[in-house]
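Asker: Sequence and predicted structure, then a few things I'm wondering about:
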Amino acid sequence: MSPSDTIELEYTQPPGFFAIYRRLLLGRRAKYRAGENLPHFRATWKGAQAESARVERYCESCSLDFDGHYPLLYPHILTSAIHLDMMSKPQFPLSPMGAVHSRNHIIQHAPIPVESSVDITCELTTTRVLKQGVEFEVCTVLEVGGKRCWESISAYLVRGKKFGDPVDGSPLAELPPLAEEADGCTWPVPKDMGWRYAKITGDFNPIHVSRIMAKFMGFDRDLIHGMWSAARCVGHTPTPDGEQATQLDLIFKGPVYMESTSTIKSQAVDKGTLFDLYCDDNPRPCIRGRIQPVAPETQLVS
């Protein structure tokens, strides 16, 4: 799509999740035609600032130490409402209510102090048809003082067979398998964590706060937000020095339910760590991940 076709959005504060969900449920939208690319959205938020108390509560809920900087995954929390707001616009021809967050790839180039004024850019870019459905990516960049400090590619999948001829998936979508002797540890998923996490992030997605709605959407029961589980994984995984550029790759494979037990298995590889997260006795991992140092010039988003 040419630059003149880009849909520009500007924010001075994060959009409200309740207004977004109301628009998703009641608003009209364009129809998707098989094989077409999705509209190109570009959203900016200049001078964004996180609330220190909210970041502290986030760290407490995810069992992370708060050191005055954004935790590795917090910028996604700061920008996730923008992602969903772009998808709720009438020009977006797919329903995000049926989408799943399938992958996340992050590079943190430098620690971001909580008191920093941050410039955020989010773009809804790549569209690809896979065997499972249509996948699209949202690219996010955070800058402080004109310097790129954090970037990510978030992939979302809408399942179905009506989207056209499938192509190869992203090369980022595969990780090597863990060795059978990988080390492991466990933690419980508290019954009320869905509500506690939602009050911090503002995202009251019904599948995370209502057992009834989760069953209505096809799950066995209510499930914890994947980014909460991912943060717990990061907290249990050796990470590179804070001054070193760090890449985190996450592939979301299945749900982690409330009142379950999570088990993480990890293995040192090269200079980084591979890990898999399991829910109760499910033999298949719910999250696959890798965290590793990368060269300072490495970029995910061009």
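Answerer: Structure's in. What do you need? Residues are numbered from 1 along each chain as shown.
Asker: Could you break this structure into its assigned domains?
Answerer: Annotated domains of the chain cover 1-161, 180-294 [automatic domain parsing].
Asker: tell me the secondary structure for I20?
Answerer: For I20, the assignment made with DSSP: H, G, I helix; E, B strand; the rest coil gives helix.
Asker: rewinding a little: how about the domains of the chain in TSV, adding mean neighbour count and distance to L172?
Answerer: To be clear about C-beta, it is placed using only N, CA and C from the backbone, and glycine gets the same treatment. Putting the domains of the chain into TSV (neighbours: other CB atoms under 10 Å; distance: least, CB to CB, whole Å) gives the following:
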stretch	mean neighbour count	distance to L172
domain 1-161	17	5
domain 180-294	18	7
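Asker: Mind checking these for the one nearest to S302?
Answerer: S302 lies closest, by CB to CB, to one member of these: domain 1-161, at 8.7 Å.
Asker: average pLDDT for the closest one?
Answerer: Mean pLDDT, computed over domain 1-161, is 92.
Asker: and that domain, how far from the chain's centre?
Answerer: Offset of domain 1-161 from its chain centre (CA atoms, centre = their mean, to the nearest Å): 8 Å.
Asker: Do you have the helices of the stretch 51-200 of the chain handy? List them.
Answerer: Secondary structure of the stretch 51-200 of the chain (DSSP state H, counting those that start in this stretch): helices at 52-61, 74-88, 193-201.
Asker: Ok, which of the ones you listed comes nearest E137?
Answerer: helix 74-88 (10.4 Å).
Asker: Which one of the helices of the stretch 51-200 of the chain lies nearest to D222?
Answerer: Set against D222 and scored by CB to CB, those come closest in helix 193-201, at 5.9 Å.
Asker: if we look at the closest one, which residues are touching it?
Answerer: Helix 193-201 is contacted by residues 54, 57-58, 61, 77, 80, 190, 204-205, 208-209, 222-225, 228, 258 when judged by CB atoms under 8 Å, 6 or more residues apart in numbering.
Asker: cool, stretch 269-288 as well?
Answerer: 175-176, 178, 182, 226, 229-230, 233, 236-238, 240, 250-257, 260-267, 289-293.
Asker: what do you get if the cut-off is 7 Å, keeping everything else the same?
Answerer: For stretch 269-288, contacts defined as CB atoms under 7 Å, 6 or more residues apart in numbering pick out 175-176, 178, 226, 229-230, 233, 237-238, 250-257, 260-267, 289-293.
Asker: Now do it: distance from first to last residue.
Answerer: Taking CA to CA, to the nearest Å, stretch 269-288 runs 14 Å from one end to the other.
Asker: Stretch 21-38 too?
Answerer: 20 Å.
Asker: cool, and stretch 239-255?
Answerer: 25 Å.
Asker: Run the chain-centre distance for it.
Answerer: So, by CA atoms, centre = their mean, the centroid of stretch 239-255 is 11 Å from its chain's centroid.
Asker: Just list whatever residues bridge to L250.
Answerer: N104, G289 (DSSP bridges).
Asker: ok, now which ones touch it?
Answerer: R103, N104, A230, I287, G289.
Asker: any chance of these in CSV, with distance to I153 too?
Answerer: Output for the contacts of L250, formatted as CSV (distance: CB to CB, whole Å):
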residue, distance to I153
R103, 8
N104, 7
A230, 15
I287, 16
G289, 15
